[in-house]
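S.K.: Predicted structure and sequence below. I'll ask about it afterward.
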Amino acid sequence: MRKYIKLIAPATSANLGPGFDVLAIALQEPCDIVEVEYWDKNEFEISLNVSGNYEVPKDLNKNVLSLLLFKISEKYNLKGKLNISLIKNIPVGMGLGSSAASCVSAVLIAKNIFNINLSLNEMIYIAGEGESFIAGSPHYDNVTACLMGGFVITPIDNLDPVSIMPDKELCLCIVLPKIQLPIKKTEYARKILPQSISLKQMSDNISKSCRIVYSFLTHNYKFLRESMKDYVVEIHRSKMIPGFEEVRNVAYEKGAIGVCISGAGPSILAIIDKRNSNPHVILNAMINAFNKNEVYAEGLITHVSEGAKVLERVEK
Ligand code: HSE
């Protein structure tokens with residue numbers, strides 16, 4: 001039997017300040033596109049072709065998509081030959097969920113080509129485990145947003161994930177600074193974090209995270225700015241990003257309603273209410289603030305997206 005699927009997996013921005021490993025949002029752009037051809041075979045075999053705007057390993061034992069597929073094939077005893085064409089449009093190592101998109105793609109291939117019966121939570125947990133190839137430890141925020149779309153709260157224990165599709169008038173500015181980053185950036189950006197925090201810090205972050213959820217549910221953004229300030233994680237990571245404070249300040253001066261480091265960085269996410277502010281003005285101001293700090297930066301304006309999905313499917 002022959003099968004073909006084409007799928008799309010969006011970029012994501014995790015944490016939103018205080019919601020480390022819990023909150024995330026899916027972006028309409030950029031997105032990875034993955035095409036897969038399948039033939040019956042008595043063993044499991046993958047060939048991988050990588051193209052697109054960003055480089056990822058072509059080696060099957062280093063590419064996160066193929067690595068996770070091998071892992072899934074062992075667990076579910078999969079057989080067949082897969083020709084995978086990955087168009088990598090999500091910048092790699094910039095805090096925009098590039099590896100999460102590949103992990104989610106692997107899970108969608110397993111589900112849609114091999115018809116493995118996976119619940120949403122199972123898909124999230126398998127994809128999140130795949131993140132450990134890159135980050136050194138599993139985390140589920142980017143993969144939850146990538147799979148479900150919208151603004152998400154990750155699953156925990158036996159609690160299901162939650163996705164809210166925010167206000168259509170919100171748009172997102174993403175600024176990508178070109179800076180020298182440590183090798184294995186996400187792993188490093190997780191290792192520099194404190195392993196324990198005070199009860200006060202914990203309750204502060206719970207309070208702020210609840211207010212962020214309130215903002216997206218009610219479309220009342222009065223708490224968002226103060227709530228997206230994080231003194232547990234972002235304060236340590238911001239040291240890796242020259243000009244972070246100025247970029248954030250200028251985004252607020254020009255009317256952003258929330259600004260934070262996107263995931264493990266170094267990209268910066270600014271949330272804008274189009275009814276009150278011009279995203280182009282905010283984006284340019286943020287890029288200029290990086291330039292003043294001698295950092296070249298690029299940016300894009302996007303919106304909140306739906307989750308990853310299969311776009312085409314053929315079975316012969
Ligand atoms: N929540 C994760 C982190 C996202 O901040 O380390 C990284 O992909």
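M.R.: Right, received. Where do you want to start? Bear in mind the structure is a predicted one, so any value in this text is a computation, not a measurement.

S.K.: Can you list the neighbours in contact with stretch 158-168?
M.R.: The contact list for stretch 158-168 (Cβ atoms under 8 Å, 6 or more residues apart in numbering) reads 25, 120-121, 124, 144-145, 148-155, 213, 216-217, 219, 273, 303-304, 307. Glycine gets a C-beta too; all of them are placed from N, C-alpha and C.

S.K.: Can you tell me which of the residues you listed are buried?
M.R.: Restricting these to buried positions leaves 25, 124, 144-145, 148-155, 213, 216, 273, 303-304, 307, with burial counted as 16 or more other Cβ atoms under 10 Å.

S.K.: Point out the residues in the stretch 1-150 of the chain that sit beside the ligand.
M.R.: Proximity of the stretch 1-150 of the chain to the ligand, by Cβ under 6 Å from any ligand atom, involves residues Ala14, Asn15, Phe20, Asp21, Ala135, His139, Asp141, Asn142.

S.K.: Let me see the contact set for the closest residue to the ligand within the stretch 1-150 of the chain.
M.R.: Proximity of the stretch 1-150 of the chain to the ligand (Cβ to the nearest ligand atom) peaks at Ala14, 4.0 Å away. Contacts for Ala14 (Cβ under 8 Å, 6+ apart) come out as Asp21, Leu23, Ala24, Gly95, Gly97, His139, Asp141, Asn142, Ala145, Ser262, Gly263, Ala264.

S.K.: out of the residues you listed, which one sits closest to Gly255?
M.R.: Nearest to Gly255 among these: Ser262, at 19.1 Å, using Cβ to Cβ.

S.K.: Please list the members of the contacts of stretch 158-168 that lie in helices.
M.R.: Members of the contacts of stretch 158-168 lying in helices (criterion: DSSP state H): Leu120, Asn121, Ile124, Thr144, Ala145, Met148, Val213, Phe216, Leu217.

S.K.: Specify the local secondary structure of Leu68.
M.R.: Here Leu68 is helix, with the state taken from DSSP: H, G, I helix; E, B strand; the rest coil.

S.K.: sorry, that was for Leu96
M.R.: On the three-state scheme (three-state DSSP), Leu96 is labelled coil.

S.K.: Quick check: it touching Ala26?
M.R.: No. With contact defined as Cβ atoms under 8 Å, Leu96 does not reach Ala26; the gap is 10.7 Å.

S.K.: Asn121 and Thr154 touch, don't they?
M.R.: No. Look at Asn121 against Thr154 with Cβ under 8 Å: they stay out of range, at 10.1 Å.

S.K.: counting residues per strand, which one in this structure is longest?
M.R.: Secondary structure of the chain read by DSSP state E shows that its longest strand is strand 23-39.
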